[in-house]
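> Model the following, please.
(2 chains)
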Amino acid sequence: MLDLIELGLFITLLVVGFFAGTIVEKRHYASIRKREREFADVLAFSVRFPPDRVTPQRAFLVHGTVVISSDYFKTFVAGLRNLFGGRVRSYETLLERARREALLRLKHDARRQGAKLVICVRFETTTISTGWAASIEVFAFGTALIPERAAAIDFPARSVVAA
Amino acid sequence: MLVSNLELVPGRRVVAHYGIVQGSTVRAKHVGKDIFAGLKNIVGGELKGYTELMQEARQEAVERMIAEAQSMGANAILNVRFATTSIAAGAAEILAYGSAVQLDGV
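Next up is the predicted model:
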């Protein structure tokens, strides 16, 4: 009898996890896409040095962070995957969402402080154990630059024309 | 205090090096947040409580690093990096470190 209840609970959690998780992920992706369009004018690069002709007036650290959790269904599927090996799609989307979200928050931080250019962007990923399941934290940081000449903000298009 | 993860700030000259400075903090999450996170693990999505926790911890690590650099008389910290280590279940150390330098014209 107890086993039956346990099995019932497990199946319920799987079903709830599947439907709720799918809705949460879809909503998150929609929100990410919308904000990525909004922040398209904030440029972020991983290069270590700013482009020529950009002499910064101000340079400061900007960052974005997000802790995100997988759902019950996906955690279970990923557990099954461990038996056979291969691509774990359910975790791929989780990490992708986290990275894009962290980058968006970094851009938000940059724009809030009046910068439109961020260079030397780095990502850090940490697993945070929350009981039986794992959540991940993605932390993005970089250096925001505010160019000396206001016109230079429109780089790169303008600097290419100038050359 | 200029804090950046660049090795060199273009247009600024490093006139003195003071060596490495660091700031760290060890944080634990509280039970309430843990229970909520356990529920959130069923449906998935962002764990806002944890995001805030990590943000505050990093903020504190950076502030401690800045305090150390200030005590040395530096006016900038370059090449800043971060590291996160989980010490035990539920506790993590967050470390910020960089090179304290004197830049001209800040």
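> wait, isn't B:Ala37 in contact with B:Gly45?
No. Using Cβ atoms under 8 Å, B:Ala37 is not in contact with B:Gly45, being 10.6 Å away. Heads up, the C-betas are built off the backbone N, CA and C, glycines and all.
> Mutual contacts of the two, please.
Listed as contacting both B:Ala37 and B:Gly45 by Cβ atoms under 8 Å, 6 or more residues apart in numbering or on different chains are A:Ser69.
> Give me the local confidence score for the residue of chain A found nearest chain B.
For chain A and chain B, the shortest gap (Cβ to the nearest Cβ) falls at A:Asp71, measuring 3.2 Å. Per-residue confidence at A:Asp71 stands at 88 (pLDDT).
> which residues touch it?
Contacts of A:Asp71 (Cβ under 8 Å, 6+ apart): A:17-18, A:20-21, A:24, B:41-45.
> so of these, which ones are in strands?
If you go by DSSP state E, these have B:Gly45 in strands.
> Out of the contacts of A:Asp71, which one has the lowest pLDDT?
In terms of pLDDT, the lowest of the contacts of A:Asp71 is B:Asn41, showing 81.
> For it, which non-adjacent residue is spatially closest?
A:Ala133 (4.1 Å; Cβ to Cβ, 6 or more residues apart in numbering or on different chains).
> Wait, that neighbour touches A:Ser69, no?
Yes. At 6.7 Å, A:Ala133 and A:Ser69 qualify as touching, with contact defined as Cβ under 8 Å.
> Those two: who's more crowded?
Between A:Ala133 and A:Ser69, counting by other Cβ atoms under 10 Å in any protein chain shown, A:Ser69 is the more crowded of the two (29 against 21).
> Quick check: the more buried one touching B:Ala37?
Yes. Shown here, A:Ser69 and B:Ala37 form a contact pair, counting by Cβ under 8 Å, at 6.9 Å.
> Many thanks, I have nothing further to ask.
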